[in-house]
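**Student:** Below: sequence and its predicted model.
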Amino acid sequence: MTADGLRARTARNTEAASDPASKCVHGAAHEPSLRQAELVPTNNEPSPTQRELEASLARYFDLYESAPVGYLTLDPEGLVRDANQTAAELLGVPRAALTGQPWTSFIFHDDRDVYFEHLAQHAQRGAAPACELRLSRRGSRAFWTRLETCETRRADGEVARRIVMTDITHSKREQAGHAQAKRAAGVGLFAAGVRQEPNNPLTYVLANLQSLTRDLPKLKSAVAQCRAALPAVGDEAFAAGVAEDADLPEPESHRISARSK
């Protein structure tokens with residue numbers, strides 16, 4: 001290329017660079033690629049969306065695993081599909097071993113009808129109030145729990161049952177203690193009323209029992225003495241001897257026999 005050609009090309013490039021319209025077109029052509037480069041994260045730094053997703057998963061994990069109640073998911077056959085750590089600890093079974101177990105095998109035998117009635121109400125009304133029943137803990141005593149259930153449909157169309165169980169053993173014990181204290185208080189009031197009411201029939205019953213308690217040793221001694229003399233006398237003499245030694249009235253048969261004479 002000649003010197004004149006080089007000078008002409010340089011002039012054209014200088015002219016284009018100084019033209020504002022040319023700058024706008026050039027900038028617009030490169031702007032999408034620049035924005036795309038800004039959106040692509042580097043290999044060492046996660047994107048804001050990824051960080052938000054990871055934080056959400058961490059919150060869900062903590063809410064599900066560390067909840068104070070047990071969570072269970074059952075398949076349509078009633079087998080445990082998933083459970084949180086609290087449910088495994090309540091049932092006394094390792095979490096891995098809990099999967100695939102029949103849920104009803106953990107329900108106390110006498111309380112299974114309560115669970116089936118709960119399911120029947122749920123099927124009829126689409127919902128059912130919470131029920132209280134006992135669950136069997138492996139290697140330990142049964143415990144009281146409050147069950148709440150609901151049904152969900154998975155993306156594949158399969159129906160799953162979700163169960164929330166809350167341990168209410170402590171509150172049940174408190175209720176039993178309050179009921180026992182209430183009964184004891186009622187017995188105390190009844191006894192106080194008996195003592196304060198002299199014409200109460202129980203007053204006479206108690207008095208007779210106390211008198212009988214005092215007279216039993218004397219009656220026992222009299223019976224022993226009479227039995228020792230039994231071979232020498234007849235039955236009527238034996239009965240009369242018991243009555244005389246114990247200061248008891250004579251037998252009716254003896255009095256009738258005496259009157260006939």
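**Tutor:** Structure's in. What do you need? Numbering: from 1, shown residues only.

**Student:** rest of the way, CA atoms for contacts and neighbours
**Tutor:** OK.

**Student:** State the mean pLDDT of the strand or helix carrying Tyr115.
**Tutor:** Using DSSP states H and E, Tyr115 falls within helix 112-125. For helix 112-125, mean pLDDT is 93.

**Student:** Also stretch 80-92?
**Tutor:** On average, the pLDDT along stretch 80-92 is 93.

**Student:** swap in stretch 155-162?
**Tutor:** For stretch 155-162, mean pLDDT rounds to 85.

**Student:** What's the end-to-end length of it?
**Tutor:** Taking Cα to Cα, to the nearest Å, stretch 155-162 runs 15 Å from one end to the other.

**Student:** Can you point out the buried residues in it?
**Tutor:** 160-162 (16 or more other Cα atoms under 10 Å).

**Student:** Pull out the CA atoms of the helix holding Tyr115 and give them to me as PDB.
**Tutor:** Extracted in PDB, the C-alpha atoms of helix 112-125 (Å, rounded to 0.1, in the frame of the first residue of the first chain):
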ATOM      1  CA  ARG A 112     -55.300 -48.700  67.300                       C
ATOM      2  CA  ASP A 113     -59.100 -48.300  67.100                       C
ATOM      3  CA  VAL A 114     -58.600 -44.700  68.000                       C
ATOM      4  CA  TYR A 115     -56.200 -44.200  65.000                       C
ATOM      5  CA  PHE A 116     -58.600 -46.100  62.600                       C
ATOM      6  CA  GLU A 117     -61.500 -43.900  63.700                       C
ATOM      7  CA  HIS A 118     -59.300 -40.800  63.100                       C
ATOM      8  CA  LEU A 119     -58.600 -42.000  59.500                       C
ATOM      9  CA  ALA A 120     -62.300 -42.700  59.000                       C
ATOM     10  CA  GLN A 121     -63.300 -39.200  60.000                       C
ATOM     11  CA  HIS A 122     -60.600 -37.800  57.700                       C
ATOM     12  CA  ALA A 123     -61.900 -39.900  54.800                       C
ATOM     13  CA  GLN A 124     -65.500 -38.800  55.300                       C
ATOM     14  CA  ARG A 125     -64.900 -35.100  56.000                       C
END
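
**Student:** all helices of the protein, in order?
**Tutor:** All helices of the chain, identified by DSSP state H, fall at 3-17, 20-39, 48-65, 85-91, 95-98, 112-125, 169-196, 201-228, 235-245, 252-260.

**Student:** Angles on the backbone of Gly139, please.
**Tutor:** When read as degrees, to the nearest 10, the backbone of Gly139 gives phi 80, psi 10.
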